[in-house]
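Peer 1: with the sequence up front, the predicted model follows.
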Amino acid sequence: MMNVVGLAMFLIFAVMSVYTIRHYLFYWNRMFGRQKRPPEDLAGYYLPSVSIVVPMHNEEAVATNILHRLTVMDYPKDEGRYEIIAIDDGSTDETGKIIDQFAASHAFVRAVHRDRGGSGKADALMVGSAMANNEIILVFDADYQPTKAAVKRLVVPFCDPQVGLVMGRVIPINTDQSLMTRLLDLERTGGYQVSQQARYNLNLSPQYGGTVGGVRKQVLEALGGWDYRKLAEDTDMTIRGFINGWKTGYVNIAECYEESVPSWKERRFQLTRWATGHNQCLLAHSMPLVKSPVLTVTQKIDGILMLGVYMVPILMLVGLLLSIFIYLFGTYWWWMLFAMLLFTLAYNNVGNFACFNEVGVGAVLDKRGRVIWLLPWSLFNFFANIWLCTGAFIKSLIIHGHHSAYDAGVETSEGDRIKWNKTQRKGENGNGRANGGSGKEGSDV
Amino acid sequence: MFNYLLLLAGFFLLVAVCFVPGFIELRWPKDAGPIHIDLDRDIDERYFSRAFKSYVAEGLRSPDVKQVPSKPEDSRWMHGLQAQAVQTAMHRGPESFVLSVNDVQLPAVTECRQGLLVSGTLTTGPSCRLSQEVQVKGDCTIGKSNQVLCVAGNNIDIGPLTKVAGWVDAGRNLIVRDGSEISSRATAGESLAAVGTVTFKSLAAPIIVTAPDQQEAERLLGERETSEAMPQASPDFRWSRALDQIIINRFDNSSVIEIGEEIRMASGRFVPYRSILARANALGLIAKPLLALKDEQKPSFMRSLKVWLQAPEMLRVKGDLSIPENSVVPCDLYVVGDVKTGKSLEVEGSVSAQGTVKLGDDARVKGSVVAEHDIEIGAGSRIGQCVDANGSIVVHSRTLIGSTGLGGVASRETIFLSHGVKIFGKAYAEAGIRVGPQAPGTG
């Protein structure tokens, strides 16, 4: 019995060690390593045709803001080179009217109304992408505030035909709203400034985060479009692209404000959705990833580690329980050492999905100030993540089983649809600014 | 028991210590705001010049501006001009400018330590030193062997052997002559000509040319040729059942180039290979996103290598690829290795490589050329979009990059542009751009 427990502890310790090495490589790369030349240098000189898709479900508080920011975007709007496809995804509020007003006053804004909407972002994206006439499809969530030059910057990586997807940087705007928003601000700093950029530098796969980013239409079609059965359609698209040899470009300077979730309750819904979607991708894509004929061994390992990131809190929980078991019934002192190291490695490297060290390096690169003093407080998030991710893992197993049954011809009441818990946005923040919104910050971002 | 409790209390105290700074920041926040981003700032290559102009305009409007006596060393050239020295108090601190409403001619070896704002034209003699910014409303001719900080004007002519430590921005045309060096951006609203051997950091203008002399530069600027050299499908072209049948019958056992030839013979017109591949996809012949091609489906020069159709219009090749002269690449190409081509290559898309790309003379690439390492582009080539390398870039003579103000060349290392190169858009290299008659290590 003790041997089995010891072996399990050893495996958990090994997984944590692999994550540790991975993240230290990221820190090293960002602090001292060779950086890829930012695509910014050619921004404004490569201007392919672009379709912006904005799915909106009951977004009256923020719809005007995002549509205004996109209509004043610094991008040539001649000859259909720039179009906005605003999707009213079955809204029951004034969202549809706001979209119609913009469509009436701007020739390049197209209004799409869906009566049976609200069944998930991927579902709305499928409609928007099918209507897109242009070479590049960019996606913005309704509650985001892109900079005026964001589109010019985001499209530059596509001058490389090998780039299939692109991702910009998300910056929380409502940082002063609560402890949660301040901790998420730190998490984003580490996630984008270090993890995303390092993966881009190292020819691994930065993650397309579902907003402030996009995909080449040709690639989207080649990959079979958005998968409405995934709760994390962004991770799904990133991994499918990666498996099939497409690169994801990361543009750190294509910045966009978002409104972070301000409370633990909303964070619970959001993280559960992300973790469930991410684990769906883990279950669906792990084997194709390993078998991909175009990826290097390093890329495969990193891909698996990226997919498995929401499993780490679960491993952590198991490790914790095993540590207690060993403490009570164990006889070998070195297992206690495992337990101690496990905690240290876990918190330092995957504690908050943007780990402790990563946030520190990100704060240095972003020239952050006293906000870094809050870093130890993310320990609370760390424990919450263990609880939420465990629940999400169970949920993803149920959904996976449900879809497998559906694919095998078993009739179910919901068909193959999944329930989508939308993050609610208020359209305001602590600074009194009109705000930006949710979106997936990227589980491993 | 008490000892254990004491130990436990000590432990929790130590744990609590790490939360104290965070508590202070939460209770008395000093850094609670978001990272600042300027939502309304757009991309402007001529930003520095424009920012300087508005900075000066604001300074001169300010009530704090005062007239000051001109410096003795300036009196020589200011004599007879309607010029005055003023001091402004702006965020850079108090600084003085010389304002002139006339044309200004600086004699040889003049040293001007104040900013110079000229409403007319400016001409400098040899070996002048202008250690502050110069803003000229009219044309500006900088003489031989000058040292200048920054200069903005309408048409600007930077004389031979002149060193500019900062930016140069011309509202219309900029010419930079032999032996000059511009350490920051050189930008122009209409055209930029680099004549002789010149060094830059970054160039941006709707048209950029490099030439051995001014006459040749003017000739290149006057040429109307663009890089759009690939044939296009006729707008009235429609796929017929017979043509579809050709694709269906041949897709599994022929390369797209062979299929294109058969379609041309059957229909009497050229159909771009990309359109044929897109049609094959629409007909359901490309069953999966990463389709490994059989030898007979590959273009002849790829047969020894592993090739996939990564998307209907994208070929992925594993290994170093050597393309013989007069070959055609039917769509976008990504090579996991190096690419080397013979003369007169035609690519109906972009070329990207994990290694280096070396294009032979007279290459025609409709899209971009991108490489993780170095790129060399042969003489007389036409590149439709951008050239982007993580290594260095060498562009040989008579090459044309980009079209109608769009396109560019960017490198993480150095760029060498031979004489006779024309770029629509921008050139930027972290380690500098060198213009000269011949690429280093060639010829």
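Peer 2: Done, it's in.
Peer 1: contact residues of the stretch 201-350 of chain A facing chain B?
Peer 2: A:203, A:218-219, A:221-224, A:240, A:243-246, A:255, A:257, A:293-294 (CB under 8 Å from any CB of the partner chain). No exception for glycine: its C-beta is placed from N, CA and C like everyone else's.
Peer 1: try 6 Å this time
Peer 2: A:218, A:222-223, A:244-245, A:255 (CB under 6 Å from any CB of the partner chain).
Peer 1: among those residues, which are in strands?
Peer 2: A:Glu255 (DSSP state E).
Peer 1: most surrounded residue in the residues of the stretch 201-350 of chain A next to chain B?
Peer 2: Among these, the one with the most neighbours (other CB atoms under 10 Å in any protein chain shown) is A:Ala222, at 26 neighbours.
Peer 1: turn the residues of the stretch 201-350 of chain A next to chain B into TSV, including pLDDT.
Peer 2: Compiled in TSV, those are given as follows (pLDDT from 0 to 100):
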residue	pLDDT
A:Gln218	91
A:Ala222	90
A:Leu223	92
A:Asn244	95
A:Gly245	94
A:Glu255	92
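Peer 1: out of the residues of the stretch 201-350 of chain A next to chain B, which one sits closest to A:Val151?
Peer 2: Distance to A:Val151 across these (CB to CB) is lowest for A:Glu255, with 12.2 Å.
Peer 1: and residue 269, what's its pLDDT?
Peer 2: The chain I'm using is chain A. Predicted confidence (pLDDT) at A:Phe269: the value is 86.
Peer 1: nope, chain B
Peer 2: Reported pLDDT for B:Arg269: 84.
Peer 1: next: A:Ser396.
Peer 2: A:Ser396 is given a pLDDT of 79.
Peer 1: buried stuff in the strand or helix carrying it?
Peer 2: Using DSSP states H and E, A:Ser396 sits in helix A:378-407. Across helix A:378-407, burial judged by 16 or more other CB atoms under 10 Å in any protein chain shown covers A:378-379, A:381-382, A:384-386, A:388-390, A:392-393, A:395-396, A:399-400, A:402-403, A:406.
Peer 1: show me the contacts for A:Ala392.
Peer 2: A:272, A:275-276 (CB atoms under 6 Å, 6 or more residues apart in numbering or on different chains).
Peer 1: that older thread, could the residues of the stretch 201-350 of chain A next to chain B be laid out in a markdown table, adding distance to A:Leu374?
Peer 2: A markdown table is the format used below for those (distance: CB to CB, whole Å):
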| residue | distance to A:Leu374 |
| --- | --- |
| A:Gln218 | 44 |
| A:Ala222 | 44 |
| A:Leu223 | 40 |
| A:Asn244 | 41 |
| A:Gly245 | 41 |
| A:Glu255 | 22 |
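Peer 1: can you tell me which of the residues of the stretch 201-350 of chain A next to chain B end up in helices?
Peer 2: If you go by DSSP state H, those have A:218, A:222 in helices.
Peer 1: which one among the residues of the stretch 201-350 of chain A next to chain B gets closest to B:Ala287?
Peer 2: A:Ala222 (11.1 Å).
Peer 1: check the closest residue to that closest one other than its chain neighbours and give its pLDDT.
Peer 2: Distance criterion CB to CB, 6 or more residues apart in numbering or on different chains; nearest residue to A:Ala222, sequence neighbours excluded, is B:Ala311 at 3.9 Å. B:Ala311 carries a pLDDT value of 90.
Peer 1: need the nearest residue in space to residue 131, chain neighbours excluded.
Peer 2: By default, I'm working from chain A. Leaving aside its chain neighbours, A:Met131 sits nearest to A:Ile85 (5.6 Å; criterion: CB to CB, 6+ apart).
Peer 1: to clarify, I was referring to chain B.
Peer 2: Once flanking residues are discounted, B:Ser131 sits nearest to B:Arg113: 5.2 Å by CB to CB, 6+ apart.
Peer 1: count the residues that sit near that neighbour.
Peer 2: Going by other CB under 10 Å, the residues that sit close to B:Arg113 add up to 13.
Peer 1: what stretches of the stretch 201-350 of chain A score poorly on pLDDT?
Peer 2: The model of the stretch 201-350 of chain A has pLDDT under 70 over residues A:330-350.
Peer 1: all helices for it, in order.
Peer 2: In the stretch 201-350 of chain A, helices defined by DSSP state H, counting those that start in this stretch lie at A:217-222, A:233-243, A:264-291, A:297-307, A:312-329, A:333-350, listed in chain order.
Peer 1: residues in a beta bridge with A:Val54, which ones?
Peer 2: For A:Val54, the beta-bridge partners are A:Ala86 (DSSP bridges).
Peer 1: just checking, it touches A:Asp141?
Peer 2: No - in this structure A:Val54 lies outside contact range of A:Asp141 using CB atoms under 6 Å: 7.5 Å.
Peer 1: related to what we said a few turns ago, could you pull up the residues touching the residue nearest to A:Met131?
Peer 2: A:51, A:53, A:110, A:128, A:131.
Peer 1: go with 10 Å
Peer 2: Contacts for A:Ile85 (CB atoms under 10 Å, 6 or more residues apart in numbering or on different chains) come out as A:51-55, A:99, A:103, A:108-112, A:125, A:127-134, A:137.
Peer 1: and the helix holding A:Ser396 with helix A:264-291, angle?
Peer 2: Counting by axes from the mean of the first three to the mean of the last three CA atoms, to 10 degrees, helix A:378-407 lies at 60 degrees to helix A:264-291.
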